[in-house]
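>>> structure of the sequence below:
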Amino acid sequence: MTALSQITIAGKTVDVDGEGYMQKPEQWDKSIAQDIADDVGIGELNPRHWMVIEYMRKRFLEAGTAPSIRALGKESGVPIKELYQLFPKGPAKLAARIAGIPKPRGCI
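Presented below is the predicted three-dimensional model:
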């Protein structure tokens, strides 16, 4: 297990692992999501981003794990090709980080 540390995002102190993934989803809010999106170069989150982010959070809170990229493309309502446009360089990992949930299993 990766050691936890605390950082400040959008003026709030949150617990993250060594890769910057939040470890306590209850600490998340939309201002944190936007701050992370700005930090990773995505910029202003649009309704399609929010559709994916909200799906990621719902799935994590119900199942205890984040969905894989394949499940995300099938179940979120956003096709995989569009996921790569919305969240370049690894949609499942990037969407999870912005959604304030731990890194999906199986993501390197």
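>>> show me where this structure has its strands.
In the chain, the segments counted as strands under DSSP state E are 5-9, 12-16.
>>> tell me where the longest helix sits in this structure.
Scanning the chain for the longest helix, with DSSP state H as the assignment, gives helix 47-63.
>>> identify all contacting residues around it.
Contacts to helix 47-63, defined as Cβ atoms under 8 Å, 6 or more residues apart in numbering, come from residues 25, 28, 33, 37, 42, 45, 65-67, 71-72, 75-78, 82-83, 86-87, 91, 95-96, 98-102. (Glycine included, C-beta is placed from N, CA and C.)
>>> now the residues you listed: which count as buried?
When those are checked for burial by 16 or more other Cβ atoms under 10 Å, the buried set is 28, 33, 37, 42, 45, 66-67, 71-72, 76, 78, 83, 86-87, 91, 95-96, 98-102.
>>> restricted to helices, list these.
Reading helices off the buried ones among the contacts of helix 47-63 with DSSP H, I get 33, 37, 71-72, 83, 86, 91, 95-96, 98-99.
>>> now the residues you listed as JSON lines including distance to G20 and pLDDT?
Formatted as JSON lines, those follow (distance: Cβ to Cβ, whole Å; pLDDT from 0 to 100):
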{"residue": "A33", "distance to G20": "13", "pLDDT": "98"}
{"residue": "A37", "distance to G20": "13", "pLDDT": "97"}
{"residue": "A71", "distance to G20": "23", "pLDDT": "90"}
{"residue": "L72", "distance to G20": "20", "pLDDT": "92"}
{"residue": "L83", "distance to G20": "20", "pLDDT": "96"}
{"residue": "L86", "distance to G20": "19", "pLDDT": "97"}
{"residue": "P91", "distance to G20": "16", "pLDDT": "93"}
{"residue": "A95", "distance to G20": "14", "pLDDT": "96"}
{"residue": "A96", "distance to G20": "11", "pLDDT": "96"}
{"residue": "I98", "distance to G20": "11", "pLDDT": "97"}
{"residue": "A99", "distance to G20": "13", "pLDDT": "97"}
